[in-house]
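**Student:** have a look at this prediction, sequence included:
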Protein chains: 2
Amino acid sequence: MQIIDGTIASPKGFKATGLHAGLKKEKKDLGVIFSEVPANAAAVYTTNQVKAAPIFVTKEAMTNQKIQAVVVNSGIANACTGTLGLENAKEMQALTGLHLGVSQENVAVASTGVIGKQLPMETVESGINQIDLQNQAPYAFHEAILTTDTATKEIVVTDEINGQTVTMAGVAKGSGMIHPNMATMLAFITTDAQISEILLQEMLADKTETTFNQITVDGDTSTNDMVLLLANGLAENSMIEKNTEAYKKFLEMFQLVSETLAKMIAKDGEGATKLIEVQVVGALNETEARLVAKKVVGSSLVKTAMFGEDPNWGRIICAVGYAGSHTDPEKIDMWIGDQQLLKHSQPQEFDEITMKQTLEKEKICITVDLNIGEQSGKAWGCDLTYKYVEVNALYHT
Amino acid sequence: MQIIDGTIASPKGFKATGLHAGLKKEKKDLGVIFSEVPANAAAVYTTNQVKAAPIFVTKEAMTNQKIQAVVVNSGIANACTGTLGLENAKEMQALTGLHLGVSQENVAVASTGVIGKQLPMETVESGINQIDLQNQAPYAFHEAILTTDTATKEIVVTDEINGQTVTMAGVAKGSGMIHPNMATMLAFITTDAQISEILLQEMLADKTETTFNQITVDGDTSTNDMVLLLANGLAENSMIEKNTEAYKKFLEMFQLVSETLAKMIAKDGEGATKLIEVQVVGALNETEARLVAKKVVGSSLVKTAMFGEDPNWGRIICAVGYAGSHTDPEKIDMWIGDQQLLKHSQPQEFDEITMKQTLEKEKICITVDLNIGEQSGKAWGCDLTYKYVEVNALYHT
């Protein structure tokens, strides 16, 4: 497998572009992904019971698991917008289908931005009609889905599968807001691989548990979260079947793309200065390992300690203790970087200068060994900073 | 029922005092509560799997549910201190018993402060030996249990029960730290009422669910939390039995004391400028009402919005949506103060000037009506401020 430069339109038969429609003041706010042929598709959505209108529209479009176009706007989340909001999301879908010559049922819709505001449909319609895929600018799509993200987030990988070069591209937006109502996570992954929609959905659901679902910035699950995976088959590899070498390779590509996007989102969390990776080993099972890792990385006290570059193992073991997994409180080992802080829950001497250097870095790795089993899991987050409070307190609705 | 000025030693037969033993630099760090006769006792403890040594010692002392003395230190949590820590907690218990002429098995022990540090037992012993209940200074006990709390937290109430004046006093410490390893909640409640230990424990366990367990500052459950309730019977009221008018009165006293202490702790959360009260009504059951209220008041996005004095209902409804209760996302009503922001999940017009005045206050009340049932619940928390980040990031272990 190789990581290559590229965009969401790098896999064969995909096009993408983005533009400024007028939902935001100046920045790009409308983007489209298009596949020459209907792609087999898989999706996972927010578990928030309050779901934005585009979630319902995309779910319906996913009934037959074929998607040929995706339209995304930023600036307005189209959440808590009632019947009109739902009509507007359907209208976005219809307008995009019409403009691109694609069946409306094969168009997915996603939104991110402020909650409770209706989409100005004239602006949206005029934006959609300006989409020009003959003169596509795929990187503009990466920009068009951002809110207060400080950077675009993308990764493209390629490998040979069943004798053909297969490419997979992922793009995401993270936790930021124009009007800070919600941290919405959107990710779109395209590939030209030939693989069934059933296998795609199974893989996406499974991998989401260990990648996108293992990041946290502020513990608030958005109303608009969505990961959409499209495979159009234009690489012309023979069909990827389960439990084959080909599937293993494809899974590795998908794992790398998902985990990389997840980490990029965590690192670019609101106000963040550091990416924190927590690895839990020696757990009874994977679910509990992931649970503990996510509790540690989500603890406000751990997050502020990392911002303060303090090896505060007391806060970490406290979070392990309340995570709700099987734990023997006397048997916990802990490391920050490669320096051991705890052995069987007892403090260990460590080199303070090396520790200081470890904590000054932009990525901090915390490892916890529960010493009660063989399973492991990871989670990613960021530090809690003055800037986080500023971003989220200074805004007025 | 009347609220009166007083201390933890106001109920008949109780004495209390506090002093500076030397665990902290200058402030008081050791305190004792004493009852002339062994009191019927009830206790609840942290659910954190990593528990501090004094928790184990107090649990053992509670085997027969009789407590005659309580010794508390601040400065060092005596958590993650292994076998030596457990021996030290037992030694604290024994020394206190010896000094006060009380059976060791009837002494409860509590600690709060930095994790992973051993108690300097010479300092502790010398402190205990300086305890002088002939010249008691009960308010010094209120001070001795604090860490970075900005104020002591106490309430004393009195009522006539079964023909006798019964007094109940509560004192607590909240979420602050000398060495900010953990936010520990300790509360001690004394009463001279005559009531069985079984009824006391039932009442405490029940009321903790709606009071102490309904506050959150940072979502981190400490290793040292403890609420201890002592009833020494010296008011000489005839025994309070369940389902009587007397019990109802006693329950009201206890409810007021617990809820008041809980609110005081929430209001004095680290860096807090505001107390936030969230009331959820129209829920399917009380447990879910409390769950939703606690999720809303614990949301970092809601907390920063309240700090910024912004009526950000989108963040509130988002937290309702991910709380995990039964919810109809289309039927949610919401108020801040007495102004309605949402009706059946749709935004309502409100008066901006009145809203501004509401949000400027030191206490903000948010009400959410789920409109799917008849039950309600409350939770209390505080805003998330620059000061919170400062308090928890600037400290170095």
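**Tutor:** That came through, no problem.

**Student:** list the buried ones in stretch A:258-275?
**Tutor:** Within stretch A:258-275, the residues scored as buried using 16 or more other Cβ atoms under 10 Å in any protein chain shown are A:258-272, A:274-275. Just so you know, the C-beta spots here come from the backbone N, C-alpha and C atoms, and that holds for glycine as well.

**Student:** likewise stretch A:33-43?
**Tutor:** By neighbour count, with 16+ other Cβ under 10 Å as the criterion, the buried positions of stretch A:33-43 are A:33-35, A:38-43.

**Student:** and the next helix or strand past the biggest strand by length in chain A?
**Tutor:** The longest strand of chain A (DSSP state E) is strand A:30-45. Proceeding N to C from strand A:30-45, the next assigned helix or strand is helix A:53-61, under DSSP states H and E.

**Student:** ok, then the element right after that following helix?
**Tutor:** The C-terminal neighbour of helix A:53-61 among helices and strands, as given by DSSP H and E, is strand A:66-76.

**Student:** secondary structure class for A:Val124?
**Tutor:** helix (DSSP: H, G, I helix; E, B strand; the rest coil).

**Student:** dump the residue contacts of it.
**Tutor:** A:Val124 makes contacts with A:21, A:23, A:30, A:73, A:88, A:91-92, A:95, as judged by Cβ atoms under 8 Å, 6 or more residues apart in numbering or on different chains.

**Student:** and the stretch 201-350 of chain A, which residues reach chain B?
**Tutor:** Proximity of the stretch 201-350 of chain A to chain B (Cβ under 8 Å from any Cβ of the partner chain) is limited to residues A:218-223, A:298-301, A:304-305, A:307-308, A:310-315, A:317-322, A:327, A:329-330, A:332, A:342, A:345-347.

**Student:** ok, now with 6 Å
**Tutor:** Contacts of the stretch 201-350 of chain A with chain B, taken as Cβ under 6 Å from any Cβ of the partner chain, map to A:218, A:220-221, A:223, A:299-301, A:304, A:307-308, A:310, A:312, A:314, A:317-318, A:321-322, A:327, A:329, A:345-347.

**Student:** any figure for the gap between the residue lying closest to A:Ile67 once chain neighbours are set aside and A:Lys66?
**Tutor:** Spatial nearest neighbour of A:Ile67, chain neighbours left out: A:Ala41 (3.9 Å); criterion: Cβ to Cβ, 6 or more residues apart in numbering or on different chains. Separation of A:Ala41 from A:Lys66 (Cβ to Cβ, to the nearest Å) stands at 6 Å.

**Student:** so which of the contacts of A:Val124 is the most crowded?
**Tutor:** Counting neighbours by other Cβ atoms under 10 Å in any protein chain shown, A:Leu30 leads the contacts of A:Val124 with 30 neighbours.

**Student:** next one: that one from B:Asp132, what distance?
**Tutor:** Noted for A:Leu30: a distance of 76 Å to B:Asp132, by Cβ to Cβ.

**Student:** got it, and A:Lys295?
**Tutor:** Taking Cβ to Cβ, one finds A:Lys295 at 45 Å from B:Asp132.

**Student:** what about the residues of the stretch 201-350 of chain A next to chain B, which are in helices?
**Tutor:** A:300-301, A:304, A:307, A:314, A:317-318, A:321-322 (DSSP state H).

**Student:** what about the residue lying farthest from the centre of chain A? Give its phi and psi, please.
**Tutor:** Here chain A reaches farthest from its C-alpha mean at A:Glu349, the gap being 38.0 Å by Cα atoms, centre = their mean. With angles defined as degrees, to the nearest 10, A:Glu349 sits at phi -70, psi 140.

**Student:** do the one 5 residues further on as well
**Tutor:** In this entry, A:Thr354 is assigned phi and psi values of phi -60, psi -40 (degrees, to the nearest 10).

**Student:** give the contact list for the nearest residue to A:Ile366 once chain neighbours are set aside.
**Tutor:** Leaving aside its sequence neighbours, A:Ile366 sits nearest to A:Val278 (Cβ to Cβ, 6+ apart; 4.7 Å). Taking Cβ atoms under 6 Å, 6 or more residues apart in numbering or on different chains as the contact definition, A:Val278 lies against A:293, A:296-297, A:366, A:379.

**Student:** rerun at 8 Å
**Tutor:** The contact partners of A:Val278, by Cβ under 8 Å, 6+ apart, come to A:293-294, A:296-297, A:365-368, A:378-381.

**Student:** chain A: helices as residue ranges?
**Tutor:** A:53-61, A:82-100, A:121-130, A:138-144, A:197-210, A:245-267, A:286-298, A:300-307, A:313-322, A:352-360, A:386-393.

**Student:** distance of A:Tyr247 from chain B?
**Tutor:** Distance, A:Tyr247 to chain B, by Cβ to the nearest Cβ, to the nearest Å: 33 Å.

**Student:** per-residue confidence at that residue?
**Tutor:** In this model, A:Tyr247 is scored at 91, pLDDT.

**Student:** contacting residues around the closest residue to it other than its chain neighbours?
**Tutor:** Of all residues not flanking A:Tyr247 in the chain, A:Ile240 sits nearest, at 5.3 Å (Cβ to Cβ, 6+ apart). Taking Cβ under 8 Å, 6+ apart, we find A:Ile240 in contact with A:161-162, A:193-195, A:199, A:246-247, A:250.

**Student:** ok, now A:Met168?
**Tutor:** A:Met168 neighbours (Cβ under 8 Å, 6+ apart): A:11, A:156-158, A:189-191, A:193, A:253-254, A:257.

**Student:** please name the bridge partners of it.
**Tutor:** Bridge pairing for A:Met168 (DSSP bridges) gives the partners A:Val157, A:Thr191.

**Student:** please report how far it lies from B:Lys173.
**Tutor:** 54 Å.

**Student:** for chain B, give me its nearest residue in the stretch 51-200 of chain A.
**Tutor:** Closest to chain B within the stretch 51-200 of chain A is A:Ile115: 3.2 Å, counting by Cβ to the nearest Cβ.

**Student:** just checking, that residue touches A:Thr223?
**Tutor:** Yes - counting by Cβ atoms under 8 Å, A:Thr223 is a contact partner of A:Ile115 at 6.7 Å.

**Student:** circling back: the buried residues of stretch A:33-43: which two are farthest apart?
**Tutor:** Farthest-apart pair in the buried residues of stretch A:33-43 is A:Phe34 and A:Ala42; separation 18.0 Å (Cβ to Cβ).

**Student:** buried ones among the contacts of A:Val278?
**Tutor:** Counted by 16+ other Cβ under 10 Å, the contacts of A:Val278 give A:293-294, A:296-297, A:365-368, A:378-381 as buried.

**Student:** pick the one among the residues you listed closest to chain B.
**Tutor:** Using Cβ to the nearest Cβ, these come closest to chain B at A:Val296, 10.6 Å.

**Student:** contacts only, for that closest one.
**Tutor:** With contacts defined as Cβ under 8 Å, 6+ apart, the neighbours of A:Val296 are A:278, A:280, A:302, A:316, A:319-320, A:323, A:366, A:368, A:379.
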